[in-house]
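A.B. asks: Just the structure for this:
(2 chains)
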Amino acid sequence: MSATTHGVGAGVVLGIVFVLLGQQLSYYSLSDLVSAVLYLVVGIVVGGVVFGAIGMALGRRYLAKHPPSTP
Amino acid sequence: MGRGATAFLVVMLVLLPSASFAASRPGASAPAVNCSNAQASGGIVASVTWNGQNICSASGASSALSVDFTKSAHVVYTWNSTGNGPVALTDARLAMNYFGFALATRDVGPVSPSVATNGSFVMDWDPGALTYVLEGLYGLTATVFASNGSSVWSESFFVKATAPYTILAALPILLIVIAVFELYAVARSGRQSAIAPKKGTPPPPPPTSDSGADSASEGTR
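C.D. replies: Sure thing, here's the model as predicted:
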């Protein structure tokens, strides 16, 4: 699994977690089904894209610092 | 940056905003709003008070009632029949909604039906097992039922439930732990580039075994 895929996977989980955590910290209500699902979808998409990009950047940075050794 | 420093940074990034936001919740000391409490539906005009505060003052998420989840709430339903004469109301219900479904429901009755033009129901609402599980902003629906089981009046309102010591509920703690774990995983995701197989490279050869049993079984196939 590449760094980008790793970041997307973690971002999807973080998107869900932050949406649920926002409700637990009283920022918004998830009482209505439609708006709650909408919040979750937005969280999943934004989390996946943002943390996928972060993962990709971190992967490139790591490879720039630690180039793979060729036999 | 070392691993310990990264983990510490991630923990602080998550915990500090959580603590400060929880401490500065809007509406925690919101003044009571006087409102006309009558909302007629089905010939019934009713009002509901939550610890003395009319729920019509909490019709929006921004004006939600602040509720201590460790204490029970004294909920009083007062109703009047308008125009249709005496009616028999047998039940009052309070439902707490989450993702469109009733997370917790409490009923006063059903009580024995008696025909009247006005009356009241009293409920001491206790969140029960939810006390140490949940907190946050929730929509509730107060409903009054007739003797035939049909809903004759209902009103939705919002409450901000607070956990013991602001954060000591199981779900937010679990979510924070998951967030910390995933942020740490992202911080370490750069190493995955070195681990991931490159496109076009042949798969690694299968491990060879020198054991005699394996060789014998291979030979018999």
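A.B. asks: Provide a list of residues in contact with the residue nearest the centre of chain A.
C.D. replies: Chain A has A:Gly11 as the residue nearest its centroid, 1.3 Å off, counting by C-alpha atoms, centre = their mean. A:Gly11 is in contact with A:Gly47, A:Gly48, A:Val49, A:Val50, A:Phe51, A:Gly52, A:Ile54, A:Gly55, B:Val186, counting by C-beta atoms under 8 Å, 6 or more residues apart in numbering or on different chains. The C-beta positions use only the backbone N, C-alpha and C, and glycine is treated the same way.
A.B. asks: And the second one, how close does it get to chain B?
C.D. replies: This points to A:Gly48. To chain B, A:Gly48 is 12 Å away according to C-beta to the nearest C-beta, to the nearest Å.
A.B. asks: phi, psi of that residue?
C.D. replies: phi -60, psi -40 (degrees, to the nearest 10).
A.B. asks: Alongside chain B, which residues does chain A contribute?
C.D. replies: A:1-3, A:5-7, A:10-11, A:13-14, A:17-18, A:20-21, A:23-34, A:36-37, A:51, A:54-55, A:58-63, A:66, A:68 (C-beta under 8 Å from any C-beta of the partner chain).
A.B. asks: Please list only the buried members of these.
C.D. replies: A:2-3, A:5-7, A:10-11, A:13-14, A:17-18, A:20-21, A:23-26, A:29-32, A:36, A:51, A:54-55, A:58-59, A:62 (16 or more other C-beta atoms under 10 Å in any protein chain shown).
A.B. asks: Can you flag which of these belong to helices?
C.D. replies: Among those, the ones falling in helices (DSSP state H) are A:3, A:5-7, A:10-11, A:13-14, A:17-18, A:20-21, A:23-24, A:36, A:51, A:54-55, A:58-59, A:62.
A.B. asks: ok, now which ones touch the residue in chain A positioned nearest to chain B?
C.D. replies: Closest residue of chain A to chain B, C-beta to the nearest C-beta: A:Leu33 (2.7 Å). If you count contacts by C-beta under 8 Å, 6+ apart, A:Leu33 has them with B:Phe99, B:Gly100, B:Phe101.
A.B. asks: Then B:Ile55?
C.D. replies: Contacts of B:Ile55 by C-beta under 8 Å, 6+ apart are B:Ser47, B:Val48, B:Thr49, B:Leu65, B:Leu140, B:Ala142, B:Glu155, B:Phe157.
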